[in-house]
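A.B. asks: I'll drop the sequence and a predicted model, then ask my questions.
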Amino acid sequence: MSFLPYISDQLLIKEVKHVLDIGRNRKQEAEKKFNHNVIDPFAALFEAAGFAVNHQTWKNSETIRQCQKTVQNHVGTLHQKILGHIDGWQDLGTGSVIDLICEEKKIIAEVKNKYNTVTGGKLAEQYYSLEKLVSLKASRYKDYTAYFVNIIPKKPDKYNIPFIPSDKEKGIKCPENTQIRIIDGASFYNLVTNRESAIEEFYSVLPRVIEHIFSAEYQQDSYQLPDKDLFTHYFSLAYKNNHD
């Protein structure tokens, strides 16, 4: 039985393993170079005392902290790659003008992992970048609909609305354009896959995929992801209103 109905096991395992490989390699690198990094010795003492942890626990936590940003960045890219494997959709890769395209539906998308990945004046820059793509006559994306995707929204609500961030330089909001939209991750997965619970389905099978990779690829027989049921709580908090 396949892990997911909208992507092959081979592609799913490949993309998840890529993120796991990056995390494992980054952790090994951080452990080897731990003493090469300048650690704030004052903060270390206050953290150990304030959090009531011993040195090894503090060191493990500091190692995770050093690796965390790298993993988070690639989790955002993981969503882009997964969605780019859906029939009719294409992942244009990092460094492209946009992240995803669906020629048939005339949709382009810029995918961000979390609502605060882009903030402040950068939001207006993102708007104007998308506006040029869908409005300029010379653009190959003229008359497409552009989506600014926040996989993890600020609040656990569905939305698919015009993207009208504040332009701080002009002191006004960007002009409303129905072709330039902002959308939460659950709604965008639904739009791409035509499955209302697609993002929940992905999250639900992810522990099994990870355990399979550890067992089959990393030769850690009978590996089980620790406390996986407890981690499900965080998905509920991020998307709890999406399935009411």
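C.D. replies: Great, that's in hand.

A.B. asks: now the strands for this protein?
C.D. replies: Listed in chain order, the strands of the chain (DSSP state E) span 90-91, 100-102, 107-114, 145-152, 160-162, 166-167, 172-173, 180-184.

A.B. asks: Now residue 172. Nearest residue, chain neighbours left out?
C.D. replies: With Cβ to Cβ, 6 or more residues apart in numbering as the measure, residue 166 is the residue that lies nearest to residue 172, at 7.5 Å, once sequence neighbours are left out. Where C-beta positions appear, they are placed from N, C-alpha and C, glycine not excepted.

A.B. asks: Read off the pLDDT value for the nearest residue to residue 169 once chain neighbours are set aside.
C.D. replies: Residue nearest to residue 169 in three dimensions, not counting chain neighbours: residue 121, with 7.0 Å by Cβ to Cβ, 6+ apart. In this prediction, residue 121 carries a pLDDT score of 86.

A.B. asks: The residue nearest to residue 172 bridge partners, please.
C.D. replies: Taking DSSP bridges, one obtains residue 173 as the residues bridged to residue 166.

A.B. asks: Contacts only, for it.
C.D. replies: Residues near residue 166 by Cβ atoms under 8 Å, 6 or more residues apart in numbering: 123-124, 172-174.

A.B. asks: elements contacting the lengthiest helix in the chain?
C.D. replies: The longest helix of the chain (DSSP state H) is helix 55-84. In terms of contacts (3 or more Cβ pairs under 8 Å, 6 or more residues apart in numbering; DSSP states H and E), helix 55-84 is packed against helix 9-32, helix 41-50, strand 90-91, strand 100-102, strand 107-114, helix 185-193.

A.B. asks: Give me the pLDDT value at residue 244.
C.D. replies: Looking at residue 244, its pLDDT is 46.

A.B. asks: Span of stretch 158-170 from start to end?
C.D. replies: 29 Å (Cα to Cα, to the nearest Å).

A.B. asks: do stretch 160-178 as well
C.D. replies: Start-to-end span of stretch 160-178 (Cα to Cα) is 10 Å.

A.B. asks: for stretch 211-223, same thing?
C.D. replies: Using Cα to Cα, one end of stretch 211-223 lies 6 Å from the other.

A.B. asks: buried residues in it?
C.D. replies: 211-214 (16 or more other Cβ atoms under 10 Å).

A.B. asks: which ones are touching residue 37?
C.D. replies: Residues in contact with residue 37, defined by Cβ under 8 Å, 6+ apart, are residue 66.

A.B. asks: mind running it again at 6 Å?
C.D. replies: With Cβ atoms under 6 Å, 6 or more residues apart in numbering as the criterion, no residue contacts residue 37.

A.B. asks: Going forward, count from 29.
C.D. replies: Okay, using 29 as the starting number, the last item reads as residue 65.

A.B. asks: For it, grab phi and psi.
C.D. replies: Dihedral angles phi and psi of residue 65 (degrees, to the nearest 10) take the values phi -80, psi 150.

A.B. asks: For it, give its distance to residue 83.
C.D. replies: Going from residue 65 to residue 83 by Cβ to Cβ, to the nearest Å gives 16 Å.

A.B. asks: and if you look at residue 156?
C.D. replies: From residue 156 over to residue 83 the distance is 50 Å, taken as Cβ to Cβ.
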